[in-house]
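Chemist: okay, structure incoming, though there's no sequence with it:
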């Protein structure tokens, strides 16, 4: 059975061809991405309540919706922000909600929102849930107004719609969205005095306009021969048609055309809710998501042709800049990783040649491409795209892939040297090595399994590293037990037949046959092994010294979640006081842009005002909309970003614009979070929460490297209130409600009818003109009133100025009220200089709170969020599966080694290897981030492999297994070459990651490579010493070294 592939050459060749074709074809069909796609477990529920302040929105809208959300058990947490006229609730689902389940959960939540709508005020919009896609747009293009005059947003919008249709037609397009579109409408501007003279209100006027719009069915004519649609002619279709609408007024049914009492025009909605400033020009942004299973590179080729074609059709007044194209980043990232993979493979081959000889290296290295081909095939079957994590998993597995092959080749070659026939050598070698190799493979699989099973966004981000490693080592085991033995036997059978000619080769080239050998070092090494077995306790202490130092130094390691990304982009967030208009925000943004663009490192800046910018990086989830005081920018650099540049920009902008909160942030790896430092204070009284939050914020401000702070309840927004004389109002036939309605209708406007323009419906809005921006003119606004006497006589309405019913008051009100899981909360956030570790600042913040004697009154509590919360959740998820997997690993070792004591030896090696990983991280001065954590966990499975092989060799040797020191020494010496070879190939495989630079991959590479190198000393010194000590203490025989 074991010699099947050796005996059947056709089967061997066909298997190799099948694996190669499977792998190559899979490689060319696998989707290409820059980063893994994360499951959309976050959504934003938006509800609008026009004219309501934050307190009313909280009580009448937000709390009603929150009550319904508590009925959904899959919700992990929800955060709400009640602002003037709007309620935003961000929902996060539990990590155990899978990709297959998430859509059904969102559907159930939408059903609950429909139930909540029945309890909301009448003029409240329907709660809309939008799931946040945690992936970057494939393409963000802009349509910009290139002329110096006022931009014509109508033209830009129509061109954007045409462009959108072109992109939607490309195969693989998932969805296309337009950003920065201020929307158009038909504006009917009224003069309040003129309207009052006709005894009309804005609402009555809008109703008459709507009644003139015949866009409704008038039935059908049905007879025996035909069904004919009937329509009433005269729908609103042009401005001229609207101007000629007859308006009925007065008790005598008089009429006047609309153009005589109002000014009709087409323009953008005022105030606009969002705007875009791209390349310094006003415009709109068009963003495209590509389907997950599509190849982004092929889609981009088609998109580029469509863009060039569309650009040629545009007038000179409209530009078409490409704001962001993900394909270039994907291509650059994958090319870099593939180059690293090839470099690593070349280094591994070179080391194998040096350690085992050229012919053996060729056989061993054949396992590498075959394993990689199989991995590509399985990736295609498991729907794992090519991205930085899956390719990195292959790089991590690079050195491990040939470990099994090295051991197998070395064993069979030794058998053949002794004159044993190839079939017998194959059978004997596989029988001896199958269980140890299977055991070492299973321990590697079990070590990486917690990473693969890690729940939530963190697991989806890094999990494919582990999945790729697991698949790779399993494929390697298959090839090492089937194809590699056949190669060795066939290759060395030819070698035996030409042995006489080989002996004639120069002695200086002998290392090409069997690998390098230095007699002086060999003799010295033999003495150290002899000393190890002669002094087992001392040897064990020395072998465990460095791992113990690693555990001791772990407490001094700086903590980090994920480092900043190596990217030629930055993001900037700008916030102004809540009462600021979008126009003022736009004015400031233009000044900020001019300041930024002065820096030679900056290539360009693109802004979106009033909402979050389209996601140009996978973990930028946005969530801001209809906030006139907010803007976000994509800053394109000429080269890769650095913390120095981010600090420089932050300092410049803080100095130039002290009244604005401008936050410069590098793009960061890993799951998203709003702020690196976050503290949530819970309680029932808003004023107490404000006071506590301000004290905490002041403590945070005192810390160096904290650039900006924010408390969710710290902003006060002035509110204009009319103190109405209710008696006077009632005498005029009015009340508070009717006064509020007439004011709202006049100022904000009332929609009546619409115009269809191409495929778009433009609403017709009746409202005041420029008067609504002037407080004195608003106070003199005429309200239509009727006294009780007039009502009885059915006399015309009287126009009464608003100021006659009361006076103006300016009152401070909270700009927003925030909840977390239904509880009132004041969230204090801190933003840091680039390159500063949040964990270090958090420790200083906690110490500062303690020094300032910060305490909470009864009934109040606090908890920390931000990076620490994300990190703790991720580590907790990792640990949650470790317990069961440790038991499985122990069971694997016990069953394969046949002894609890020997399994205990490997267990000590596993723990010590973790300490070696910690020591390596400390030695190279890297922070203890999540990548080093997963590297150290994976290291356990890799590091014990050599120890398993050595221990199995000792326990299977007829003399050494009895505890004979000379026999143990010879077995260890015999195993040393392939132990050193596997160690060097594993460690050298990480060189590309170490040389790649940046802060993301080197810590992981250092943890594993350093741990593996240290674990070699455990395999060659600790394991034999521990085995001998066990036999010395518990064995029946006693042995001692003979004096030489």
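Modeler: Happy to help now that I have it. Keep in mind that this is a model prediction, so the values were computed, not measured. Numbers count the residues shown, from 1 in each chain.
Chemist: what about the residue positioned nearest the centre of the chain, which SS state?
Modeler: Nearest to the geometric centre of the chain sits residue 619, at 3.2 Å (C-alpha atoms, centre = their mean). Secondary structure for residue 619, judged by DSSP: H, G, I helix; E, B strand; the rest coil, is coil.
Chemist: how near is the closest residue to it other than its chain neighbours to residue 92?
Modeler: If you skip the residues right next to it in sequence, residue 619 has residue 672 as its closest partner in space, 4.1 Å away by C-beta to C-beta, 6 or more residues apart in numbering. Where you see a C-beta, it was placed from the backbone N, CA and C, and this is true even at glycine. Between residue 672 and residue 92 the distance is 11 Å, computed by C-beta to C-beta, to the nearest Å.
Chemist: for residue 585, what is the enclosing helix or strand?
Modeler: Element membership of residue 585, judged by DSSP states H and E, is helix 582-597.
Chemist: next: residue 675.
Modeler: Element membership for residue 675, per DSSP H and E: none, as it lies in no helix or strand.
Chemist: residue 549 too?
Modeler: In this structure, residue 549 is located in helix 545-554 according to DSSP H and E.
Chemist: and that helix, what's buried?
Modeler: Of all the residues in helix 545-554, those buried under the rule 16 or more other C-beta atoms under 10 Å are 546-547, 549-550, 554.
Chemist: the longest helix along the chain: how far from the chain's middle?
Modeler: Ranked by residue count and defined by DSSP state H, the top helix of the chain is helix 456-497. Centroid separation for helix 456-497 versus its chain: 31 Å, with C-alpha atoms, centre = their mean, to the nearest Å.
Chemist: please apply the same query to stretch 531-548.
Modeler: When C-alpha coordinates are averaged (C-alpha atoms, centre = their mean), stretch 531-548 and its chain have centres 45 Å apart.
Chemist: quick check: mean pLDDT of it?
Modeler: Mean pLDDT, computed over stretch 531-548, is 91.
Chemist: which residues touch that stretch?
Modeler: Where contact means C-beta atoms under 8 Å, 6 or more residues apart in numbering, the residues beyond stretch 531-548 that reach it are 908, 911-916, 919, 965, 968-969, 1014, 1017-1018, 1021-1022, 1024-1026, 1028-1029, 1032, 1041.
Chemist: apply 6 Å and report the result again.
Modeler: Around stretch 531-548, the neighbours that count as contacts under C-beta atoms under 6 Å, 6 or more residues apart in numbering are 912, 915-916, 919, 965, 968-969, 1018, 1021-1022, 1024-1025, 1028-1029, 1041.
Chemist: now swap in stretch 192-211 and tell me
Modeler: Outside stretch 192-211, the residues within contact range by C-beta under 6 Å, 6+ apart are 245, 247, 249, 261, 742, 745-746, 750, 752-753, 764, 766, 781-782, 784, 796-797, 799.
Chemist: recalculate using a threshold of 8 Å.
Modeler: With contacts defined as C-beta under 8 Å, 6+ apart, stretch 192-211 is touched by 188, 190, 236, 242, 245, 247-250, 256, 258, 261-262, 741-742, 745-746, 749-753, 764-768, 771, 781-782, 784, 796-797, 799.
Chemist: got it, and stretch 68-82?
Modeler: 41, 54-55, 57-58, 61-62, 65-66, 87-95, 97, 101, 105, 108-109, 112-113, 115-116, 712, 816-822.
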